[in-house]
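J.: Below are the sequence and a predicted model; questions follow.
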Amino acid sequence: MGLHTEVDLDAVFTTAQMEIQNGCSGLENFRRTLKMKYHMNITRSISREKVKFFDAEGVKRRKQRRLRMRQYFSKSPNFVWHFDGYDKLKPYGISIHGCIDGFSRRVIWLEADVTNKRPEVIAEYYLDAIQNLNGIPQKIRADPGTENGIIATFHAFMKRYNNAVTLGFV
């Protein structure tokens with residue numbers, strides 16, 4: 001049996017109001033946010049109560065399975081690149097990794113290889129892309145997988161030391 005600690009319900013109330021107004025929705029997502037961001041470990045019943053109080057319309061929509069599509073916004077071409085791997089074909093020896101521009105949805109790279117988990121392979125795709133396009137994006141978005149760590153390091157380094165502004169890139 002785990003340790004039970006007292007939870008400050010006033011703090012939970014204030015935090016719940018702020019997080020739900022900022023787009024945090026759903027019972028489990030809300031509980032996880034409070035736990036990870038604010039170190040508040042609350043019960044499902046408290047979470048359910050707060051979500052129902054602050055987001056009654058969202059609860060109703062979710063019960064009806066009528067979810068609203070989130071709005072996505074990117075300032076300009078090459079402002080943000082999104083990349084990820086696809087493992088469903090791994091049993092056949094094919095791993096796919098791709099990257100798209102968030103504004104134009106242009107495919108920056110789409111590569112098939114024997115792996116998409118080795119950081120140096122994924123980093124090579126990134127370096128080739130920035131060399132071919134002669135610039136780097138303002139931001140990158142990816143899951144926190146180990147294969148993306150080198151890209152994050154390269155991106156931070158090049159963004160810091162690249163002063164040339166070319167074609168909307170940094």
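T.: Done, it's in.

J.: Wait, R31 touches I42, no?
T.: Yes. The criterion here is CB atoms under 8 Å, and R31 meets it with I42 at 6.3 Å. Glycine gets a C-beta too; all of them are placed from N, C-alpha and C.

J.: per-residue confidence for N162?
T.: The predicted structure scores N162 at 68 on the pLDDT scale.

J.: V80: how many residues sit nearby?
T.: With neighbours defined by other CB atoms under 10 Å, the count for V80 comes to 19.

J.: ok, now A112?
T.: For A112, the count of nearby residues is 13 (other CB under 10 Å).

J.: Would you mind measuring from it to T146?
T.: Distance of A112 to T146, computed by CB to CB, to the nearest Å: 20 Å.

J.: can you check R70 too?
T.: 27 Å.

J.: Equivalent analysis for P77, please.
T.: Taking CB to CB as the measure, P77 falls 29 Å from T146.

J.: what about those two, which has more around it?
T.: A count of neighbours by other CB under 10 Å puts P77 above the other of P77 and T146, at 15 against 10.

J.: Specify the local secondary structure of the more buried one.
T.: coil (DSSP: H, G, I helix; E, B strand; the rest coil).

J.: In this structure it contacts S104, no?
T.: Yes. The criterion here is CB under 8 Å, and P77 meets it with S104 at 5.2 Å.

J.: can you pull the contacts of the nearest residue to Q21 once chain neighbours are set aside?
T.: Using CB to CB, 6 or more residues apart in numbering and skipping residues adjacent in sequence, the residue nearest Q21 is F54, 7.4 Å away. Residues in contact with F54, defined by CB atoms under 8 Å, 6 or more residues apart in numbering, are 16-17, 20-21.

J.: Is it possible to get a markdown table of the residues you listed that adds secondary structure?
T.: As requested, those are exported to a markdown table (three-state DSSP):
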| residue | secondary structure |
| --- | --- |
| A16 | helix |
| Q17 | helix |
| I20 | helix |
| Q21 | helix |
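
J.: Selecting buried members of those residues in ChimeraX, what would you type?
T.: The ChimeraX command for the buried members of the contacts of F54 (criterion: 16 or more other CB atoms under 10 Å) is given here:
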select :16,20
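
J.: and of the contacts of F54, the nearest to S47?
T.: A16 (8.4 Å; CB to CB).
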